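K.L.:
predicted structure and sequence below. I'll ask about it afterward.
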Amino acid sequence: MPVDPVLAFYGDCAFYTALVLYLVAMVLQTVEYAAQRSAEPVGARAGDGGGVVTLTWPPGESAPRSRAARAGRVAVSLTVLGAAVHGVSLLLRGLAAGRVPWGNMYEFTSAVCFVAVVAWLVVLVRQRDIAPALRELGGFVLLPVVILLTLAGTVLYAEAAPLVPALNSYWIAIHVSAASIASGMLLVAGVASALYLVRIRFEARQAGGSRFAGRLPGSALLDRLAYRTTVVAFPIWTFMVITGAVWAEAAWGRYWGWDPKETVALVVWVVYACYLHARATAGWRGARSAWINVLGFAALLFNLFFINIVVAGLHSYAGL
């Protein structure tokens, strides 16, 4: 099927528009977070361990966060708009090329970031009771999204084109979509675990701790966010590994050949399995399990970039 250059052009325009919207949203959420850091309440910051925060202010004065809070709400609205435009960019890329819109590194990275943003918005909707506390994490979630999309739109960019023969299979719609969904959700979980480690370090040294860390939501909330997101993403990653083996048997005549991509995908699966097991083991809850989750996220990024770009293997056919 010939590529439609008009749809491909508008798809690229939508991609860069979404990137700008995410960037502005990230800046606004950083403004909200910075304003919170600059506020000096009379009472100490308190929480129930689950992220619910209470601040007291001098008599006759209101909390100096009204403008910052509005900036945060606008940031969420821009994130929603960015996700909608981002989804349109993927749709137009798929229509332009007449295939699924994750046939190369540029498109796959875009799909992963789209899932990460949608997963984050779903968390905000499902946790309405603590949405203000969670909303301040949006800048931390959008930071890796903006970085990855910038890399995708510059270093990894590829023109819309038909699939290479090795990818021309219905399995790409099953296997690679599972990989992008799981990777996007695990991005959110990785950010939550990293912030959890920063937060508990502050709690251990609260007398002279960092104000940056002190303004994060409670450690219990961050730990729960990371765990619940990983619990949902892990079965999808498992499904991705299984369908990859089935596709490999159909394409290459064997289920497993220890290709670098296959091997690191399995390593990622083992690390996240260890994380979930650690969370179920009393002695490994808290910082130890969070470090495992961060290690899993690092292995995920290693698999996404280093293995795809630097290491040669049977999965190196998609190009940049």
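P.N.:
Arrived safely.

K.L.:
any low-confidence regions in the stretch 1-150 of the chain?
P.N.:
For the stretch 1-150 of the chain, applying pLDDT under 70 flags the ranges 1, 36-65, 129-133.

K.L.:
show me where the chain has strands.
P.N.:
Assigned by DSSP state E, the chain shows strands spanning 46-47, 53-54.

K.L.:
neighbours of P2, how many?
P.N.:
Neighbour count of P2, defined by other Cβ atoms under 10 Å: 8. Every residue, glycine included, has its C-beta placed from N, CA and C.

K.L.:
that one: what's it in contact with?
P.N.:
Contact analysis of P2 by Cβ atoms under 8 Å, 6 or more residues apart in numbering lists G98.

K.L.:
one more time with 7 Å
P.N.:
Listed by Cβ atoms under 7 Å, 6 or more residues apart in numbering, P2 has no contact partners.

K.L.:
quick one: it from Y170, how far?
P.N.:
21 Å (Cβ to Cβ, to the nearest Å).

K.L.:
what does V24 give?
P.N.:
In this view, V24 and Y170 are 39 Å apart by Cβ to Cβ.

K.L.:
so which of the two has more stuff around it?
P.N.:
Set side by side, V24 and Y170 show more neighbours around V24, with 17 against 9, by other Cβ under 10 Å.

K.L.:
settle this for me: the more buried one is touching L78, isn't it.
P.N.:
Yes. With contacts counted by Cβ atoms under 7 Å, V24 reaches L78, the gap being 5.7 Å.

K.L.:
pull up the overlap in contacts between those two.
P.N.:
Joint contacts of V24 and L78 (Cβ under 7 Å, 6+ apart) do not exist.

K.L.:
what about the helices in this protein?
P.N.:
5-38, 66-97, 105-126, 131-135, 138-153, 171, 177-204, 211-214, 219-252, 260-279, 287-302, 308-309 (DSSP state H).

K.L.:
check which residues of the fifth one are buried.
P.N.:
The neighbour-count check on helix 138-153 (16 or more other Cβ atoms under 10 Å) flags 138-146, 148-149, 152-153 as buried.

K.L.:
V232: which of those residues is nearest?
P.N.:
Of all the buried residues of helix 138-153, V232 sits closest to V141, with 15.9 Å by Cβ to Cβ.

K.L.:
that closest one and L121 touch, don't they?
P.N.:
No. V141 lies out of contact with L121 (Cβ under 7 Å); the separation is 9.8 Å.

K.L.:
dump the helices of the chain to TSV, plus distance to P162.
P.N.:
Putting the helices of the chain into TSV (distance: least, Cβ to Cβ, whole Å) gives the following:
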stretch	distance to P162
helix 5-38	12
helix 66-97	6
helix 105-126	13
helix 131-135	42
helix 138-153	20
helix 171	17
helix 177-204	18
helix 211-214	48
helix 219-252	17
helix 260-279	22
helix 287-302	28
helix 308-309	20
